[in-house]
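Visitor: Prediction below, plus the sequence it came from.
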Amino acid sequence: MPILHEDRLFPADPETQTIARRLYASVRDLPIISPHGHTEAAWFAKNEPFPNPTQLFILPDHYVYRMLYSQGISMEELGIRQPNPPDPRKIWRIFAEHYYLFRGTPTRLWLDYEFQVLFGLEERLSAKNADHYYDVITTKLQTPEFLPRALYERFRIEVLATTDSPLDTLEHHRDIRESGWKGRIIPTFRPDSVVDPAFAGFRENIVKLGQLTGEDTSRWSGYLNALRKSRERFKQLGCTATDHGHPTANTANLSTAEASALFDAVLSGQSTPEQQESFRAQMLTEMARMSVEDGLVMQIHPGSFRNHNQKIYEQFGRDSGADIPTSTDYVHGLKPLLDVFGNEPTLNIILFTLDESTYSRELAPLAGHYPCLKLGPPWWFFDSPEGMMRFRGLVTETAGFYNTVGFNDDTRAFLSIPARHDVARRMDCAFLARLVAEHRFDEDEAAEVAQDLTVNLVRKAYRL
Amino acid sequence: MPILHEDRLFPADPETQTIARRLYASVRDLPIISPHGHTEAAWFAKNEPFPNPTQLFILPDHYVYRMLYSQGISMEELGIRQPNPPDPRKIWRIFAEHYYLFRGTPTRLWLDYEFQVLFGLEERLSAKNADHYYDVITTKLQTPEFLPRALYERFRIEVLATTDSPLDTLEHHRDIRESGWKGRIIPTFRPDSVVDPAFAGFRENIVKLGQLTGEDTSRWSGYLNALRKSRERFKQLGCTATDHGHPTANTANLSTAEASALFDAVLSGQSTPEQQESFRAQMLTEMARMSVEDGLVMQIHPGSFRNHNQKIYEQFGRDSGADIPTSTDYVHGLKPLLDVFGNEPTLNIILFTLDESTYSRELAPLAGHYPCLKLGPPWWFFDSPEGMMRFRGLVTETAGFYNTVGFNDDTRAFLSIPARHDVARRMDCAFLARLVAEHRFDEDEAAEVAQDLTVNLVRKAYRL
Amino acid sequence: MPILHEDRLFPADPETQTIARRLYASVRDLPIISPHGHTEAAWFAKNEPFPNPTQLFILPDHYVYRMLYSQGISMEELGIRQPNPPDPRKIWRIFAEHYYLFRGTPTRLWLDYEFQVLFGLEERLSAKNADHYYDVITTKLQTPEFLPRALYERFRIEVLATTDSPLDTLEHHRDIRESGWKGRIIPTFRPDSVVDPAFAGFRENIVKLGQLTGEDTSRWSGYLNALRKSRERFKQLGCTATDHGHPTANTANLSTAEASALFDAVLSGQSTPEQQESFRAQMLTEMARMSVEDGLVMQIHPGSFRNHNQKIYEQFGRDSGADIPTSTDYVHGLKPLLDVFGNEPTLNIILFTLDESTYSRELAPLAGHYPCLKLGPPWWFFDSPEGMMRFRGLVTETAGFYNTVGFNDDTRAFLSIPARHDVARRMDCAFLARLVAEHRFDEDEAAEVAQDLTVNLVRKAYRL
């Protein structure tokens, strides 16, 4: 018996399920548009095989190892960022033995999909079959069908955006373009490292930014020019969007003199946390100003308390599975930016949240009014069946479907992309099916919405 | 095929649906009690025909034009508060063309109901039939059956409360009373314009209040007397309730000397935002004090950041669809008032919220304890099927059904009143049906609760 | 017809219901493990009959009388903490007459269960049969089968934890141990009265603590020693856990010098509210330090604004049904403690909340990472069918099932224990059944999870 049921994630009620199944059939095979994620351009530039299941599924995926760590398995045992990691097969066995921990999580759904659909494994992973899994996957990964470009095509990806620093040379993006391969891999402009004074190495990064762009980044105007030029460089490689990961949603609207003085302060290395927050806030407004000029879509991802676990951060560095959401205020936070650009017809800002209490209280009312604002899909911890249902249930009645932008897979795990889009499509259809079954609108309309959520709204929102 | 399905909004599960249908049949035809809304007494005083569908459905309804505006359609194109608005038929066509934006919103449900039940239109509105809709509605509006008083009777309204400023002469209310018509249209005392120092024209309003009441409103005691007299004037025209739209739920309990000094400060026009907030806070407590004296029920509607879009506010004024909810603290905010009047047996305070996170955390526990507190129905953005389900799901287990007060339609759109009450009745029955289907209580009890929610609790809470 | 339906609380959908029924059958008869509650050791030490239904079901249960009070029935009429209470039968009649107020609340479910399963009453309680109920219950309470120890055995309780002050002599716990009876009643160390400077009598309590332990509690080091000794005394009577009811989740990590100075300040009786909050914060970290040493599991119950109703507090004292939840910040609050002990392999901290917005935003991400953190079951107002469903729906996708700890009945009402565990088991099975029906995992896995939630995770988390 296969692991995956063809009606998985659909409501059990037979009538609703039948509608969901019909809607899903109409979007299942549409191309994948992936406008936001964390895969690496190098994979597609080099097109080399992925090494083994441990390096593919465990080591880079903080969704996976945070759960194992929470249950007392050490980062060392798991080989996370270890100079001399344990035998990958041993790590895989630990993972298989603890696979039950993922019951009820989206990770389990994605992995089951990958195991069955990509590798033909039809028995649930467990301690018993861990080695069999390891061998089957390792073998297949060496075949031409499992090379990155082949998978890209097999997944029917139309476009795949990576996330990149302004300090990145983007050489792999250039190599892909020059290779003649027709896959569309595009960069996303993510300037946190050069706009957030609390980012490790901020001052050195500003110097590097000056070197890369030939601008005098020790002064406010040169710094802004350097960012403008960097954005232009990204655009020339297909970039259509920027992305901003700030601790809060605060924005500011300082005078040039004030902003310039603040820039000097944060560059001095002597700035207070308040000044750093003001600077980040001002930079969101500057980024919006540049977006009005150059047309790049702006994504704002606020509200994560990064590196909450001090010891893990000191030992293993950023992004080690210890980022924790905090409550976020969009209404007061975004006002300064919106006062300037909120009614700008060419501006496109996509808002994300890790604070679900803002969906109905703040985000849907904001997106249901401001023409520049759209709502990104449920993010990170909420990229999950229940998370998606809550998102639609909480925002649709105020913001409708057409102030949302379809799905983001947001993943470092390339092989999970079709699994994630499949979950999203199923959940959208499940939600729509309920509305149809409750006669809130008709099935022909639901089918149109399903299509729009899957491809049309994504293309439009991200200008793809 | 008609637009409306007779089982709309009921759960798809056949057993639950059957129960919901039975419960709904027992409340469907009960009279409409509308204790809180924004219709105009002038309509019933003058009893003149409504002009055309654009003026009826689009121009006054910020639910409608905020959605259109969010999708890039300008206020000018829509003729919102324009000295020379476009041809109303053209505006109607824009609306019809974008009717798909409302999929999944309560606006769509209300309008479909109005189109079919009131105007006999049985094909979904679209660009194709926009002119047909326009013509049918325009023609019917000129017939005697569509005059305000005829509709009031057709809708089986038992009582309809408007919302009025203490500066209002209430002449239309007086005219209705003197006309001999038996419709019960009553005013609600909404003193924001004379108790909120941040309200545009506050100081002039205080002067006017003095003129209207013959009190010296330049002094604290005269000001309070003027409010007392105004309340009395409202009561004489049938008013049973006050309504307070404050940015927060803060209350205060100052000494007379402090309050008097604060009044002088806010009247000087030199007050700080903190003083203004203190004054509003104190005035909620003063209003509670007067309610203990004169028996008017007190409604508190906190938590809206009014006029968030600065440019829209400057160009189009208040209530232009850009009010955004903020997080609200009832527990600390209401304490000063409750310390004085919380156990007062004759006091009735009805609390509303735009911050759904307070339902289970603050509002249900408060209403489940304090005898003076009751919970108003889901408000504004949450006056919707999902909003109602969340409300009942989040408050019932702590506050029960009997600390809630039935439905408010809260509308400026007179024709939407039966549609809105119909949605509320269906959702209450849907919620109750689930509890019965899950054997939490029996159907005879659910039928009693449905009746209570529809008429008995409303009459009792609002003293109607 | 009996009051209780055998499929109560299961989803109405036939397929899902069938799965829920099968899962429930597999856990229904498992022993009850009650690691957190407020029953009294004296009952089991003395083993005397409970007097009458009023003293059993109404007077000690603030869930019951807060609802009656909210509807205008006075504390005096209900005999709450009255020196000369009314005839208990009269109070019972008032309760029976108002039993409809509890429709949709968990209290109703628990009471129906107790009435039918324990007392064989199969007609819904009402004004009509109030006396019959009173008589039947009173009579049965005098029989040997209704003595505390007999009920303990009939309920199949494996272990029952009480909640006790460090100032308690624990004589009843000692008596039980020495009596030879095999019931396992264990104390829980709840030091609020000696670690919270805002607790009435705090300074006297510190003196008493010194007398009880032979330590000089007027000094920081002696105070800590006294707490250490008290914990040891509890451990010797079977205690495995501590419990901390703080207004916030704040923790601190002060130097010994700072902590010592702060202790002097709070002991002086002249401390500010900020100092008192700092002291409570520091004490959570001290308690964690002692838990690392002595292995006691730490329960943190933050976020209740105690005694919100000033008049009720003055007249009737603590715990009179007027505690109201407030919003709680775990992410910043717990960080100082976690910075020191967050990765400690032997530490077990169980977090509870009255702010459901933290489930998905803060608690699940924290518990899904930190090895020392686990999530307690939905607490107080949320110990209810909807509350349980929200809890599982909001935390499972991030924290899984295995970072939760099963059910707490948290009750003062001994007879409600089986009713409460029955609701919890049914809701867990209902939740699991939906996941199985939606093919998120298989039924054999769900059955394992149901077993773990009912007994295994509780035993492990509480070290029982």
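Guide: Now that the structure is in, tell me what you want to look at. Numbers count the residues shown, from 1 in each chain, chains lettered A, B, ... in the order given.

Visitor: Show me which residues of the helix or strand containing A:Ser260 are buried.
Guide: Per DSSP states H and E: A:Ser260 is located in helix A:256-267. Buried residues in helix A:256-267, counted by 16 or more other CB atoms under 10 Å in any protein chain shown: A:Ala259, A:Ser260, A:Leu262, A:Phe263, A:Ala265, A:Val266, A:Leu267. In this view, the C-beta of every residue, glycine as well, is placed from N, C-alpha and C.

Visitor: quick one: average confidence on that helix?
Guide: Averaged across helix A:256-267, pLDDT comes to 98.

Visitor: So A:Thr39 belongs to a helix, correct?
Guide: No: using DSSP: H, G, I helix; E, B strand; the rest coil, the secondary structure at A:Thr39 is coil, not a helix.

Visitor: A:Val207 falls within a helix, correct?
Guide: Yes: A:Val207 forms part of a helix when assessed by three-state DSSP.

Visitor: what's stretch A:7-17 in contact with?
Guide: A:20-21, A:24, A:109, A:385, A:423, A:426-427, A:429-430, A:433-434, A:437, B:12-13, C:11, C:13, C:15-16, C:434, C:437-440 (CB atoms under 8 Å, 6 or more residues apart in numbering or on different chains).

Visitor: Just the buried residues of these.
Guide: Applying 16+ other CB under 10 Å to the contacts of stretch A:7-17 flags A:20-21, A:24, A:109, A:385, A:423, A:426-427, A:429-430, A:433-434, A:437, B:12-13, C:11, C:13, C:16, C:434, C:437-440 as buried.

Visitor: and the residue of the stretch 51-200 of chain A found nearest chain C, which of the three is it?
Guide: With CB to the nearest CB, the shortest gap between the stretch 51-200 of chain A and chain C falls at A:Gly104, namely 4.1 Å. Per three-state DSSP, the secondary structure class of A:Gly104 is coil.

Visitor: Isn't it up against C:Ala399?
Guide: No: using CB atoms under 8 Å, A:Gly104 makes no contact with C:Ala399, being 9.3 Å away.

Visitor: sorry, back to before: what's the closest of the buried residues of helix A:256-267 to chain C?
Guide: Nearest to chain C among those, counting by CB to the nearest CB, is A:Val266 at 23.0 Å.

Visitor: In terms of helix, strand or coil, where does the residue nearest to the spatial centre of chain A fall?
Guide: Among the residues of chain A, the one closest to the centroid is A:Asp410, at 2.5 Å (CA atoms, centre = their mean). Three-state assignment for A:Asp410 (three-state DSSP): coil.

Visitor: And the residue of the stretch 51-200 of chain A closest to chain C, how far from C:Ala447?
Guide: To C:Ala447, A:Gly104 is 14 Å away according to CB to CB, to the nearest Å.

Visitor: Report the contact partners of the closest residue to chain B within the stretch 101-250 of chain A.
Guide: Checking the stretch 101-250 of chain A residue by residue against chain B with CB to the nearest CB singles out A:Ala249 as nearest, at 12.9 Å. By CB under 8 Å, 6+ apart, the contact set of A:Ala249 is A:Ile300, A:Pro302, A:Gly303, A:Thr328, A:Asp329, A:Tyr330, A:Gly333, A:Leu334, A:Leu351.

Visitor: Flag every residue of the stretch 101-250 of chain A that's near chain C.
Guide: A:Leu101, A:Phe102, A:Arg103, A:Gly104, A:Thr105, A:Pro106, A:Arg108, A:Leu109, A:Arg124 (CB under 8 Å from any CB of the partner chain).

Visitor: Of these, just the buried ones, ChimeraX syntax please.
Guide: For the buried members of these, the matching ChimeraX selection, counting by 16+ other CB under 10 Å, is:
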select /A:101,102,103,104,105,106,108,109,124
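
Visitor: ok, so of the residues of the stretch 101-250 of chain A next to chain C, who is nearest C:Pro2?
Guide: The shortest gap between C:Pro2 and any of these belongs to A:Gly104, at 34.0 Å (CB to CB).

Visitor: what's near enough to touch the closest one?
Guide: A:Gly104 sits next to C:Thr396, C:Glu397, C:Gly400, C:Phe401, C:Leu435, C:Arg440, C:Phe441, C:Val449 when contact means CB under 8 Å, 6+ apart.

Visitor: For the stretch 101-250 of chain A, which segments count as helices?
Guide: A:106-113, A:119, A:130-141, A:148-154, A:171-179, A:192-195, A:202-213, A:220-236 (DSSP state H, counting those that start in this stretch).

Visitor: and among those, the most buried is which?
Guide: helix A:106-113 (a mean of 24; mean count of other CB atoms under 10 Å in any protein chain shown).

Visitor: quick one on the thing from earlier: could you check the angle helix A:202-213 makes with the helix holding A:Ser260?
Guide: 110 degrees (axes from the mean of the first three to the mean of the last three CA atoms, to 10 degrees).

Visitor: What does the pLDDT read for the residue nearest to A:Phe102 when sequence neighbours are not counted?
Guide: In this structure, A:Phe102 finds its nearest non-sequential neighbour in A:Arg108, 4.0 Å apart by CB to CB, 6 or more residues apart in numbering or on different chains. Listed pLDDT for A:Arg108 reads 97.

Visitor: show me the contacts for A:Arg108.
Guide: Here A:Arg108 is in contact with A:Tyr99, A:Phe102, C:Arg440, C:Phe441 (CB under 8 Å, 6+ apart).

Visitor: how close does the last one sit to chain B?
Guide: Using CB to the nearest CB, to the nearest Å, C:Phe441 is found at 23 Å from chain B.

Visitor: For the contacts of A:Gly104, work out which two are farthest apart.
Guide: C:Glu397 and C:Val449 (14.2 Å).

Visitor: Tell me where chain A is predicted with low confidence.
Guide: For chain A, the stretches with pLDDT under 70 are A:1.

Visitor: what does the domain assignment say about it?
Guide: A:14-47+A:147-462, A:49-146 (automatic domain parsing).

Visitor: Quick check: which of the ones you listed is buried the most?
Guide: domain A:14-47+A:147-462 (a mean of 20).

Visitor: For that one, measure first residue to last.
Guide: 37 Å (CA to CA, to the nearest Å).

Visitor: just stretch A:175-194 next, same as before
Guide: Stretch A:175-194 has an end-to-end distance of 25 Å (CA to CA).

Visitor: swap in stretch A:342-362?
Guide: 15 Å.

Visitor: now swap in stretch A:209-225 and tell me
Guide: Stretch A:209-225 end-to-end distance (CA to CA) = 10 Å.

Visitor: And it, how far out from the chain middle?
Guide: Distance, stretch centre to chain centre, for stretch A:209-225: 29 Å (CA atoms, centre = their mean, to the nearest Å).

Visitor: distance of A:Gly222 from C:His62?
Guide: 66 Å.

Visitor: Also A:Thr138?
Guide: 61 Å.

Visitor: right, and the domains of chain A - which one's nearest B:Thr358?
Guide: Distance to B:Thr358, taken as CB to CB, is lowest for domain A:14-47+A:147-462 among the domains of chain A, at 9.6 Å.

Visitor: Run the chain-centre distance for that closest one.
Guide: 6 Å.

Visitor: what do you get for stretch A:131-146?
Guide: Using CA atoms, centre = their mean, the offset of stretch A:131-146 from its chain centre is 27 Å.
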